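Chemist: just to be clear, the model below is a prediction. Sequence and coordinates:
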Amino acid sequence: MKSKWMIAGAVLFMLAAVSGYAQTTRTMQVTVPFEFTIHNQVLPAGEYLVSELATNSIPVLLIRGGKDQPALLSQGIVTYRDGQPGSASAVFHRYGTSYFLTNIWWGGGSSLGVDVPESKTERELAKTASVRRPDQVVLLASR
């Protein structure tokens, strides 16, 4: 119970900090056909609007689902693709039937993306998984 209050407090703090001086710089829509985890929170399958909020050069992702679905803020790490820019996409790690959001690529001629830090749940699952590397699932998105 204490950890739920800590998480709620951290989210409220991030919302307050972001709302003061953030602006949306990139947005994409992706259909996720499976339940997935980001920062130890499980989100249901469905349509998601993923936006990057620029706050002092630290990317913060705002992930919003449809009606009656949760929204989530996630701090990320700027990353770049080697070679040619690709399409807008969301990349997940899969361990059996568990999926974890790991990267967002903005596409549109850009090599820019956001790495989502590995959650505690994913680290623990990776230690006990029978495979050395997780499968990567790439979902194309629309901008």
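Modeler: That came in fine, so what should we check first? Residues are numbered from 1 along each chain as shown.

Chemist: which one is Met28 nearest to, not counting chain neighbours?
Modeler: Leaving aside its chain neighbours, Met28 sits nearest to Ala141 (4.3 Å; criterion: CB to CB, 6 or more residues apart in numbering). Backbone N, C-alpha and C define where each C-beta goes, glycine included.

Chemist: who touches that neighbour in this structure?
Modeler: Ala141 makes contact with 28-30, 50, 87-90, 107 under the criterion CB atoms under 8 Å, 6 or more residues apart in numbering.

Chemist: where's Arg123 relative to Pro134, distance?
Modeler: As judged by CB to CB, to the nearest Å, Arg123 and Pro134 stand 11 Å apart.

Chemist: neighbour count for the two, which is higher?
Modeler: Taking neighbours as other CB atoms under 10 Å, Arg123 and Pro134 compare with Pro134 leading, 19 against 10.

Chemist: wait, that one touches Ala126, no?
Modeler: Yes. Between Pro134 and Ala126 there is a contact under CB atoms under 8 Å: 6.9 Å.

Chemist: need the overlap of contacts for those two.
Modeler: Residues touching both Pro134 and Ala126 by CB under 8 Å, 6+ apart: Tyr95.

Chemist: strands along this structure, start to end?
Modeler: 23-32, 36-38, 41-43, 46-55, 58-65, 71-75, 77-80, 89-95, 98-105, 112-115, 135-140 (DSSP state E).
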